[in-house]
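Q: Below: sequence and its predicted model.
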Amino acid sequence: MESGNRSSPQLRRAACNSNVERMKTTSPSVIVIGGGIGGLSAARALHDASFQVMVLESRDRLGGRVHTDYSFGFPVDLGASWLHGVCKDNPLAPLIGRLGLPLYRTSGDNSVLYDHDLESCALFDVDGKQVPQELVAKVGEAFESILEETDKVRQEFSEDMSIRRAFSIVFDRRPDLRLEGLAHKVLQWYLCRMEGWFSADADTISEELLPGGHGLMVRGYLPVVNTLAKGLDVRLGHRVTKIARRYNGVKVTVEDGTTFAADAAVIAVPLGVLKANIIKFEPKLPDWKEAAIADLGIGLENKIALHFDKVFWPNVEFLGVVAETTYGCSYFLNLHKATGHPVLVYMPAGQLAKDIEKMSDEAAANFAYLQLKNILPDASDPIHYLVSHWGTDVNSLGSYSYDEVGKSHDLYERLRIPVDNIFFAGEATSMEYPGSVHGAFATGQMAAEDCRMRVLERYGELDLFQPVMGEDGSVSVPLLISRM
Ligand SMILES: Cc1cc2nc3c(=O)[nH]c(=O)nc-3n(C[C@H](O)[C@H](O)[C@H](O)COP(=O)(O)OP(=O)(O)OC[C@H]3O[C@@H](n4cnc5c(N)ncnc54)[C@H](O)[C@@H]3O)c2cc1C
């Protein structure tokens, strides 16, 4: 597929012979752009359906927003770490089950609010006093009542509105639901957690809650990436800058000017990259596609992992700091609970995450550590730290997509719909599970199937090729779930 001299003779044959006759004697070729879960899922499926597949990935590693780091001497996920929806209907469950990867269930609840059961959280005021557990539970109930009222308000108004605006209408109507003092701070913490889910500030979120319980990938997500990538032709360090689509195929150009040709392309780069116009399309994408790219929101969540020489914190899954505003609230995931390693992961989202991303790694780690010191004054210094930069990294430019207030949920589908022989995959193209690993995986499968149908119909050889993932998908192995 490469126009330079590095390609194999077989691939060159596919590249040069785009006429119909020749394609009858050789497999159709597809270039997959982006080696995250979405791209790898598409590439795996097309490879298994006997297509010639090449993956062009800009980074020097695969996985994208799945990034398991081993520099502490054990796996720590700096991107995704949960399987949201620990059930057999999760599109990723069969693969995780087959790999025997253990999950630590942090909550069996289906809602956004309780990806951790409340009894496994310890909340502290900024002065270090622990919030009584009964108050946390009481505010949790109040929060649910407020959300119910919020739902009613949103249904009443024809225009979509942010959660924060709906909240203020609810409080005007139902002053009895207003909370004061410490309870108000705990409520802000709940909101802050919700922002973490949608990785945006509460006044921009207009999303419904997601289904499924929540399981942490104890050994990290990387084995999933490696399994999908096994045996694929992957080119790391290949940043795509241009995609030209022609009647008989696509031509893809990377940063150093090298071009690759194939029958079709699957574009599985993040929404943030599409928004930044890093990739030029020739001819330009249709207006409806450009509008979908512009109108979908992309939010930010980061992780700052602090590795200590010993555990000095309470034996809970989550440590939270409550404050007057969501901006001042924060939380730490206790990895020791699930993995046995003395690590706390600070997870800022929204504006706070943006502000922290402007700091050096050292300052960011220090910021996280100071939050910890506020609530646990005897905290010892971390021995190592890791800091993610999902917002400024040119390969992601954001953490995950959300539909902005007033915009249609159809935008995800519009982003997914193919344009001629280019197909789209990735979390932001998932109507059902946007912003998730399993959503990205499912869209890769869909893009592969759409691509297979289109390319093969065109060359009239549908029977020669197997349905995408036809075989593997039928084997089901139960998930390994624990709770300590
Ligand atoms: C901090 C954080 C925590 C998260 N937690 C969870 C979680 O617990 N559970 C969950 O389900 N989801 C979680 N997510 C979301 C999940 O990680 C993503 O939805 C999913 O991994 C996205 O996969 P993708 O294939 O769509 O995109 P990506 O993984 O971003 O893959 C896109 C790929 O394209 C590459 N690329 C970019 N530009 C170019 C270019 N010009 N040319 C070639 N390649 C390019 C990138 O390097 C990348 O490898 C989290 C995300 C973040 C950031």
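A: Right, received. Where do you want to start? Everything numeric here is computed off the predicted structure, so don't read it as measured data. Residues are numbered from 1 along each chain as shown.

Q: name the element K284 belongs to?
A: Using DSSP states H and E, K284 sits within no helix or strand.

Q: How about the one 5 residues further on?
A: Under the criterion DSSP H and E, the helix or strand holding K289 is helix 287-295.

Q: For that helix, name the packing helices and strands.
A: Using 3 or more C-beta pairs under 8 Å, 6 or more residues apart in numbering; DSSP states H and E, the elements in contact with helix 287-295 are helix 271-275, helix 411-416. Where C-beta positions appear, they are placed from N, C-alpha and C, glycine not excepted.

Q: touching the ligand at all, that helix?
A: No. Against the ligand, helix 287-295 shows no contacts by C-beta under 6 Å from any ligand atom, the least distance being 13.7 Å.

Q: mind listing what whichever helix or strand comes after that helix pairs with, with the direction of each?
A: Sequence order places strand 296-299 as the next helix or strand after helix 287-295, per DSSP H and E. Here strand 296-299 is paired, per DSSP bridges, with strand 400-403 (antiparallel).

Q: and the strand it pairs with, how far out from the chain's middle?
A: The chain centre lies 9 Å from the centre of strand 400-403; the measure is C-alpha atoms, centre = their mean, to the nearest Å.

Q: mean confidence for that strand?
A: Mean per-residue pLDDT for strand 400-403: 86.

Q: got the residue ranges for the strands in the stretch 101-250 of the chain?
A: Counting by DSSP state E, counting those that start in this stretch, the stretch 101-250 of the chain has strands at residues 102-107, 121-125, 214-217, 233-235, 240-246, 249-254.

Q: which one of those is the most hemmed in?
A: strand 214-217 (a mean of 26; mean count of other C-beta atoms under 10 Å).

Q: just checking, what packs against it?
A: For strand 214-217, the packing partners by 3+ C-beta pairs under 8 Å, 6+ apart are strand 82-84, strand 102-107.

Q: and those, which one is worst for confidence?
A: strand 102-107 (a mean of 85).

Q: Low-confidence bits of the chain, can you list those?
A: Flagging of the chain using pLDDT under 70 yields the residue ranges 1-25, 107-119, 158-160, 196-212, 405-406, 460-478, 482-484.

Q: what residues does the stretch 301-450 of the chain put near the ligand?
A: So far as C-beta under 6 Å from any ligand atom goes, the stretch 301-450 of the chain lies against the ligand at 301-303, 388, 390, 395-396, 399-400, 426-427, 435-438, 440.

Q: of all those residues, which comes closest to N334?
A: The closest of those to N334 turns out to be K303 (C-beta to C-beta; 13.4 Å).

Q: Among the residues of the stretch 301-450 of the chain next to the ligand, which are located in strands?
A: Y400 (DSSP state E).

Q: Okay, and which of the residues of the stretch 301-450 of the chain next to the ligand map to helices?
A: V437, H438, A440 (DSSP state H).

Q: who are the neighbours in contact with I146?
A: F167, V170, L177, L187 (C-beta atoms under 8 Å, 6 or more residues apart in numbering).

Q: can you do 10 Å?
A: 139, 163, 166-167, 170-171, 174, 177-179, 187, 190-191 (C-beta atoms under 10 Å, 6 or more residues apart in numbering).

Q: before we move on, the earlier item: what residues of the helix holding K289 count as buried?
A: K289, A292, I293, D295 (16 or more other C-beta atoms under 10 Å).

Q: what's the distance between the third one and the ligand?
A: I293 sits 14 Å away from the ligand when distances are taken as C-beta to the nearest ligand atom, to the nearest Å.

Q: And the second one, by the same measure?
A: Distance of A292 to the ligand, given as C-beta to the nearest ligand atom: 15 Å.

Q: My guess is that residue contacts L274. True?
A: Yes. Counting by C-beta atoms under 10 Å, A292 touches L274, with 9.3 Å between them.

Q: Need the residues touching each of those two.
A: L285, L415, F424, A428.

Q: Can you tell me which of those residues comes closest to the ligand?
A: When these are compared for distance to the ligand (C-beta to the nearest ligand atom), A428 wins out at 6.7 Å.

Q: Relative to I298, how far out is that closest one?
A: 8 Å (C-beta to C-beta, to the nearest Å).

Q: out of the two, which sits in the more crowded spot?
A: Applying other C-beta atoms under 10 Å to A428 and I298 shows that A428 carries more neighbours, namely 32 against 24.

Q: From A142, how far out is the residue in the stretch 51-200 of the chain positioned nearest to the ligand?
A: Shortest the stretch 51-200 of the chain-to-the ligand distance, computed as C-beta to the nearest ligand atom: residue-wise this is G64, at 2.2 Å. Going from G64 to A142 by C-beta to C-beta gives 38 Å.

Q: Of these two, give the one with the bigger neighbour count.
A: Taking other C-beta under 10 Å, G64 and A142 do not tie; G64 has more neighbours (29 against 18).

Q: residue contacts, the residue nearest to that one when sequence neighbours are not counted?
A: Distances taken as C-beta to C-beta, 6 or more residues apart in numbering put G36 closest to G64, at 2.7 Å, once the chain neighbours are dropped. When contacts are counted by C-beta under 10 Å, 6+ apart, G36 touches 57, 59, 62-67, 79-80, 225, 228, 268-270, 395-396, 425-427, 437, 440-441, 444.

Q: Perfect, that will be all.
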